[in-house]
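**Student:** Based on what follows, work out the 3D shape:
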Amino acid sequence: MTFRSPALARAMVMAAMLILGPAIAEVGHAQAAASNYNLPDFTDLVEKASPAVVNIRTTERVRTRSGQGSEDDEMAEFFRRFFGVPMPGAPTPGAPTPPRRGQPPQGQPPQGEEQSRGVGSGFIISQDGYVMTNAHVVADAETIYVTLPDKREFKAKLIGADKRTDVALLKIEATGLPRLTLGDSDKVRAGEWVLAIGSPFGLDNSVTAGIVSAKGRDTGDYLPFIQTDVAVNPGNSGGPLINLRGEVIGINSQIYSRSGGYMGISFAIPIDEAMRVTDQLKTSGRVTRGRIAVAIGDVTKEVADSLGLGRARGALVGSVEPGGPAEKAGIEPGDIILKFNGRDIEKASDLPRMVGDTKPGTKVPMQLWRKGATRDVSITVTELEPETRAKVRGTPSAKDEATAQAAKPNALGLIVNDIPDARQKELKVKSGVEVEVADGPAMRAGIRPGDIILRLGDTDVTSARQFNDLVKGLDKNRIAAVFVRRGDATQVLTLRPGATAAR
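**Tutor:** Prediction:
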């Protein structure tokens, strides 16, 4: 557009400046802010760390049974090698044929040959060849190959593996190797930048980055995982999670997925936990853990309120193994463990890690919450053996329902009966009542016929009459805690008394 009047042109330019000036200034401020806010540059970090991240390939050998092999197999191999054609009379390639007796199906390697099992990642932690990875990466492998980024390949020796923490330690015969520096996972903060290096889908030395999403994610008894949004896929397992200082803070181990691939959530084993395991593996080839022989559960806010605990904390004892350390120390089902060896227990998953880290044979103090007061006991920790499980007895059956029909449920919806002395001895309980009918609040809380009611609030239940009298005295505006025994496990259920239910 051309303006004939210079004055008019100047006026139009001034008007445009008045209108667009603030917008232009805002864009300038945004550009300045962007230039002042520097996103992390991982290039130097990756260049320094990558040489110590390795690919791990495992194989297994298909066993050859005696009597296998035949002249036909030898002749077929002769024709294939020297003439490049199938043996006359052999099946057409690609045509499905059933395997001969004792032969592997088509598409499988001949028995006795080595075949690949899987691919994972790992990282070198010492110049003399110690490599850390996941236990599931090398599980059941006959041969383990470690390939360095410079394409050198070594056959590795498995020093030891711990399935409970999913940590394994390998050794390759080499010296002067590049290694990664180990950091302090206790200092990890949610929101900090991290990166993963590994071999997803066999793609060696792939790098992905993200942030720490959370700490202390409880997905296993001994694993307070670091949660991140770093892309981790099959093949990344065993690779390092590295902070901006170039330190390993975790071992990438698991993903949350509904499809089998990465969906935005991944988990890493804290390096402090992993090093405690590898130190034992390096020394003895196995991991020794303590145990106190209890089954535990979380303390909910409702349970804490009903028992006068103040706030939800500790570990609720559900069952005590007969003859185990906890029973010898006087711990009972329904107790809440507040401290172990002087350390507070905020949630139930804290206890297994504390006990597991305790050397077997050590006598430690514990603090319990029982019947509205704390109680101190001492317990001697024993060794956790592989696959140790508490014995579980069958659930007792309900008595004749005709008898129950004649009674009327109390305000908790329960009809209960006394337990004969012989039955108490069989159940190994000192007192309690057996549930005949569970209705109303009790049914909604999960109580069922055959359960044993041990306590109501802080009062031990000694008879059906006494229990019903206790229920009558409950405040309908307050939640009541009922200690219920089922099999060998005791749980605390919270109920609010309702109107007496009719049957």
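**Student:** Beyond the longest strand seen in the chain, next helix or strand please.
**Tutor:** Ranked by number of residues, the top strand in the chain under DSSP state E is strand 206-220. Later in the chain than strand 206-220, the nearest helix or strand by DSSP states H and E is strand 223-228.
**Student:** From the contact counts, what lies against that next one?
**Tutor:** If you count contacts as 3 or more Cβ pairs under 8 Å, 6 or more residues apart in numbering; DSSP states H and E, strand 223-228 packs onto strand 206-220, strand 247-255, strand 266-270. Any C-beta I mention is one placed from the backbone N, CA and C, and that applies to glycine too.
**Student:** I'd like those laid out as a markdown table, including mean neighbour count and mean pLDDT.
**Tutor:** Converted to a markdown table, the helices and strands packed on strand 223-228 look like this (neighbours: other Cβ atoms under 10 Å; pLDDT from 0 to 100):
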| stretch | mean neighbour count | mean pLDDT |
| --- | --- | --- |
| strand 206-220 | 17 | 87 |
| strand 247-255 | 25 | 92 |
| strand 266-270 | 26 | 93 |
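**Student:** Those strands into CSV, with extra columns for distance to residue 369?
**Tutor:** Formatted as CSV, these follow (distance: least, Cβ to Cβ, whole Å):
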stretch, distance to residue 369
strand 206-220, 21
strand 247-255, 34
strand 266-270, 29
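**Student:** Tell me which of those lies nearest to residue 232.
**Tutor:** Among the helices and strands packed on strand 223-228, strand 266-270 comes nearest to residue 232, with 3.9 Å by Cβ to Cβ.
**Student:** what packs against the closest one?
**Tutor:** Packing partners of strand 266-270 (3+ Cβ pairs under 8 Å, 6+ apart): strand 223-228, strand 247-255.
**Student:** So for residue 56, which of those sits nearest?
**Tutor:** Within the helices and strands packed on strand 266-270, the stretch nearest residue 56 is strand 247-255; the backing value is 12.3 Å (Cβ to Cβ).
**Student:** And that closest one, what does it pack against?
**Tutor:** Counting contacts by 3+ Cβ pairs under 8 Å, 6+ apart, strand 247-255 packs against strand 181-182, strand 193-198, strand 223-228, strand 240-243, strand 266-270, helix 271-284.
**Student:** what's the angle between the longest one and strand 247-255?
**Tutor:** Computed by axes from the mean of the first three to the mean of the last three Cα atoms, to 10 degrees, the angle separating helix 271-284 from strand 247-255 equals 90 degrees.
**Student:** How far does helix 271-284 sit from its chain's centre?
**Tutor:** With Cα atoms, centre = their mean, to the nearest Å as the basis, helix 271-284 stands 18 Å off its chain's centre.
**Student:** which is the next helix or strand following it?
**Tutor:** Next in sequence after helix 271-284, counting helices and strands by DSSP H and E, comes strand 290-291.
**Student:** what mean pLDDT does that following strand have?
**Tutor:** Strand 290-291 comes out with an average pLDDT of 92.
**Student:** residues in contact with that strand?
**Tutor:** 324-325, 355-360, 362, 381-384, 388 (Cβ atoms under 8 Å, 6 or more residues apart in numbering).
**Student:** Which strands border that strand, and is each parallel or antiparallel?
**Tutor:** strand 382-383 (antiparallel) (DSSP bridges).
**Student:** In stretch 462-480, which residues have enough neighbours to count as buried?
**Tutor:** By neighbour count with 16 or more other Cβ atoms under 10 Å, stretch 462-480 contains the buried residues 464, 466, 467, 468, 470, 471, 474, 480.
**Student:** nope, stretch 51-64 is what I was after
**Tutor:** Neighbour-count burial for stretch 51-64, counted by 16+ other Cβ under 10 Å, picks out 51, 52, 53, 54, 55, 56, 57, 58.
**Student:** Could I have the CA atoms of it written out in CSV?
**Tutor:** C-alpha atoms of stretch 51-64 as CSV (Å, rounded to 0.1, in the frame of the first residue of the first chain):
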residue,chain,number,x,y,z
PRO,A,51,31.8,-47.1,27.3
ALA,A,52,31.0,-48.7,30.7
VAL,A,53,27.5,-49.8,29.7
VAL,A,54,27.4,-53.4,28.2
ASN,A,55,25.1,-55.7,26.3
ILE,A,56,24.4,-59.0,28.0
ARG,A,57,23.4,-62.0,25.9
THR,A,58,22.4,-65.3,27.4
THR,A,59,22.2,-68.7,25.8
GLU,A,60,21.0,-72.2,26.7
ARG,A,61,21.8,-75.6,25.2
VAL,A,62,19.1,-78.0,24.1
ARG,A,63,20.0,-81.3,25.6
THR,A,64,20.7,-84.3,23.3
